[in-house]
Each structure stands twice: as C-alpha cells, then as structure tokens.
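Below: sequence and its predicted model.
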Amino acid sequence: MYVPSHFAADDAVVQDLLTNHGAANLITSTTDGLLATFLPLVYDADAGALLGHVARNNPQWKTPVLGEALAIVAGPDAYISPSSYASKAEHGRVVPTWNYVTAHVYGDLVIHDDVAWLDHLVRRLTTKHESRHAAPWSVDDAPAAYVAGQLRAIVGLELRITRIEAKAKLSQNRPTADITGVITTLETDGATPTADAMRTTNNLP
C-alpha cells in the first residue's frame, strides 16, 4: 500500500483499528487465483493474530496459500467535497478526495478445525459485538445441540501477523481552516466517526 509519511498511522491508531473494526476482507493467493472472504475478525493482541471463521463449504480455508495471506481492515471513511475547504474561496485550487483509515495486515494463515477452539472464538466474537446492546445475546441463549451443529458447520482461521501497513488519510496535508471546514461538513452529514478521527489525528478540540 502506498503510504506517504504524513498519512502513516501510528501504533495507537493501528491497535484501535484492529481491536474495534467490524469486519475485514481476507485475501489469499492460491494456484486457483485470488480468493477472498468478508468476515468478522477478533484481534488477539497477546498472540499477535486476527481470528475468525468461515463456512465449512467455503473453499478458501482448504486451498493452500501461496506466501502470506492478507486481511484488509477498514476504519471510518468519507467523501470529502472541495466545498468544505476554506481555501476554495481563496484560490479555487482544490479537488475532491476521500478520507479513510485502513490497515493491510499480512500473516501466515493457520486453520483450526477444533470444536473447543471454535466455541471459544464464537464467544469472543459475540461478546465483542453484543456488548453495545442493552440486552446482549449470549451463545448460551441458544439450545446447546443447535450451537454444536452450527460449530460443526464452520472452520476457524488464525492470521498470525507478520507485518502491517497502515494508513490514516485524514487531511493532515491541508491547512487547519480546511480541516475544520471538513469536520463541520462531516458532522452535519452524519459522518461522525470520520470527523472524530480527523479531530484526534490533527490534534483539534
């Protein structure tokens, strides 16, 4: 990924993105070509890995990987209109762009076809995403026999991270007046996560 120095994401941004992202694209290069699956992943910081699962019928897990696997993890993103820039009125030399936070996470893909491992993973994923609800659903809310059947229908994936390329393109190359103008527009348009990321990255209140 092309990452100009002023758009390079620091470790805090990367850790936050890996911990709090929703889902990612897992891409593998194989003798059958590129294979990709969009799936929720949970970050295990202690193991230095992203963990997830796919349907047993998904051929990606059983197709040997050539080299590293890649997970593309996306954070907040939004279209940026030149109309948001204060400099548009000054000289007009502005163009549209897109602001975003993303990480390309490379690693060795390990397969886990073990019910105990999968049960633990599913509970971690459930806790991560249900915690925002007032009455969170639990795996134990479903009949045990049903859960056991569902676990037999999936296969676990562990991406053991070898390197990360991360980018936070959040108008760092623009004057402060342009940045605040973009933040105001994004908040008005309901793109609050991107506006919040811009505030943090550009050290604005």
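Nice, thanks for sending it over. Computed from a prediction, not measured in an experiment: that's the story for all the values here.

Centre-most residue in the chain?
Nearest residue to the geometric centre of the chain (Cα atoms, centre = their mean): residue 73, 2.8 Å.

Please enumerate the helices of the protein.
Along the chain, counting by DSSP state H, helices occupy 11-20, 87-90, 115-130, 144-152, 176-189, 192-201.

Quick one: list the elements packing against the first one.
Using 3 or more Cβ pairs under 8 Å, 6 or more residues apart in numbering; DSSP states H and E as the contact criterion, the elements in contact with helix 11-20 are strand 69-80, strand 97-112, strand 154-169. All C-beta spots, glycine's among them, are computed from the backbone N, C-alpha and C.

Kindly spell out which helices and strands sit in contact with the last one.
Spelled out, that is strand 154-169. helix 11-20, strand 49-55, strand 69-80, strand 97-112, helix 115-130.

Among those, which comes closest to residue 162?
Distance to residue 162, taken as Cβ to Cβ, is lowest for strand 97-112 among the helices and strands packed on strand 154-169, at 4.9 Å.

hmm, back to that, show me the one of the helices and strands packed on helix 11-20 that comes nearest residue 123.
strand 154-169 (12.6 Å).

how about the closest one: buried residues?
154-161, 164-169 (16 or more other Cβ atoms under 10 Å).

cool, stretch 81-90 as well?
81, 84, 85, 86.

pLDDT and distance to residue 139 for these - can I get that in CSV?
Converted to CSV, the buried residues of stretch 81-90 look like this (pLDDT from 0 to 100; distance: Cβ to Cβ, whole Å):
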residue, pLDDT, distance to residue 139
81, 97, 44
84, 95, 45
85, 95, 49
86, 93, 51
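
Would you format the helices and strands packed on strand 154-169 as CSV with mean pLDDT included?
Converted to CSV, the helices and strands packed on strand 154-169 look like this (pLDDT from 0 to 100):
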stretch, mean pLDDT
helix 11-20, 96
strand 49-55, 98
strand 69-80, 98
strand 97-112, 98
helix 115-130, 95
